[in-house]
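**Q** Build me a model:
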Amino acid sequence: MIVVVDYGMGNLKSVANACRLLGKPAIVTDSKEVIAKAEKIIFPGVGHFAQAMKELKKRGLISVIKKKIAEGAPFFGICLGMQILFEESQEAPGLKGLGVIKGKVKKFKDKSLRIPHMGWNQINIKKPTMFKGVKDRSFLYFVHSYYCEPKDKKIVATTTDYGVEFVSSISVENIWAVQFHAEKSQRLGLKLFDNFLKQ
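**A** The predicted model follows:
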C-alpha cells in the first residue's frame with residue numbers, strides 16, 4: 001500500500017495522479033491507522049514549515065511517520081516534505097522539525113537573487129541512488145525560499161546552483177527527499193516516482 005500523507009497542504013492530487021499513471025494507485029490519507037500499515041510513504045509539501053508541523057501535530061501524525069521511517073518503510077519527501085525531516089528551520093525559529101535528519105533549513109541570503117527560487121534549474125548528481133534514468137545536469141522544477149543543510153554530507157544526492165550550491169536532494173537508507181517538485185517536473189519527475197515505487 002502506497003500512502004500520500006494528507007496534512008492539509010501540498011500537491012496531493014498531483015502526486016496521487018503520478019502514482020496512478022505509473023500503475024501504482026496511492027491512498028491520500030491523514031489516518032494514523034492507514035499510515036501505520038503503509039508499505040511506502042510519500043510526503044508532498046507546499047507552504048510554511050511551522051504550519052506543516054502544527055498540522056502534523058494536530059492530526060497526531062508525527063510519531064507514526066517517525067516510527068514508519070525508523071522501521072525502514074521507503075519514504076519520499078518532496079519540497080517542504082524534505083525540509084520537515086530536519087531538526088529546525090530558519091522559517092520557524094524555535095520550532096522543531098521531525099529531526100530524522102541532522103541539520104537545519106536555511107534561507108537564501110543573496111538579495112540580488114529572486115526569492116523564492118522559482119522555475120527550472122539543473123541538478124548536479126553526487127549520489128545516483130534515486131536517479132536511474134536521469135542524466136546529470138537535468139532540469140527539474142523548483143519553488144522555494146529555503147534549502148536544507150545536512151550535517152552528514154554523505155547523504156547528499158544532488159546539489160543545485162542558485163547563488164550558492166545548495167542541497168537539492170538527499171538519499172539515506174530508506175529515505176529519499178527532493179527540494180524540487182517532482183510532481184511538476186514532467187517526464188523526469190515521473191521517472192523519479194517510478195524509481196521510488198520500484199525500490
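**Q** What helices and strands are in contact with the lengthiest strand in the chain?
**A** For the chain, the strand with the greatest residue count under DSSP state E is strand 164-172. The contact analysis (3 or more Cβ pairs under 8 Å, 6 or more residues apart in numbering; DSSP states H and E) places strand 164-172 against strand 146-150, strand 156-162, strand 175-178. Where you see a C-beta, it was placed from the backbone N, CA and C, and this is true even at glycine.
**Q** who touches it?
**A** Strand 164-172 is contacted from outside by 82, 101, 108, 110, 123-124, 127, 129-130, 140, 142, 147-150, 152, 154-160, 176-180, using Cβ atoms under 8 Å, 6 or more residues apart in numbering.
**Q** related to what we said a few turns ago, now render the helices and strands packed on strand 164-172 as CSV, adding distance to residue 70, mean pLDDT and mean neighbour count.
**A** Formatted as CSV, those follow (distance: least, Cβ to Cβ, whole Å; pLDDT from 0 to 100; neighbours: other Cβ atoms under 10 Å):
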stretch, distance to residue 70, mean pLDDT, mean neighbour count
strand 146-150, 18, 98, 21
strand 156-162, 21, 98, 20
strand 175-178, 11, 98, 25
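**Q** Could you pull out the helices in this protein for me?
**A** Per DSSP state H, the chain carries helices over the ranges 12-21, 32-36, 49-58, 62-71, 80-83, 186-198.
**Q** now the spatially most distant residue from the centre of the chain: how far from residue 87?
**A** Using Cα atoms, centre = their mean, the residue of the chain lying farthest from its centre is residue 112. It sits 26.6 Å away. Going from residue 112 to residue 87 by Cβ to Cβ, to the nearest Å gives 29 Å.
**Q** which sections of this protein are below the confidence cut-off?
**A** Scanning the chain for pLDDT under 70 picks out no residues.
**Q** Find the nearest non-adjacent residue to residue 13, please.
**A** Excluding the flanking residues, the one nearest residue 13 by Cβ to Cβ, 6 or more residues apart in numbering is residue 28, at 7.7 Å.
**Q** Count residues in the vicinity of that neighbour, would you?
**A** When neighbours are counted by other Cβ atoms under 10 Å, residue 28 registers 17.
**Q** start to end distance for stretch 20-40?
**A** 14 Å (Cα to Cα, to the nearest Å).
**Q** hmm, who's touching that stretch?
**A** 1-8, 12-13, 15-16, 19, 41-42, 59-61, 64-65, 67-68, 73-76, 190, 193-194, 196-197.
**Q** Mark which of these are buried, thanks.
**A** 2-7, 12, 15-16, 19, 41-42, 59, 61, 64-65, 68, 73-76, 190, 193-194, 196-197 (16 or more other Cβ atoms under 10 Å).
**Q** Just name the most buried of the helices of the chain.
**A** Neighbour counts (mean count of other Cβ atoms under 10 Å) averaged over each of these peak at helix 80-83, with a mean of 26.
**Q** ok now stretch 102-109, how far from the chain's centre?
**A** Offset of stretch 102-109 from its chain centre (Cα atoms, centre = their mean, to the nearest Å): 15 Å.
**Q** what's the spacing between the nearest residue to residue 43 once chain neighbours are set aside and residue 97?
**A** Once flanking residues are discounted, residue 43 sits nearest to residue 81: 3.7 Å by Cβ to Cβ, 6+ apart. Using Cβ to Cβ, one gets 11 Å for the distance from residue 81 to residue 97.
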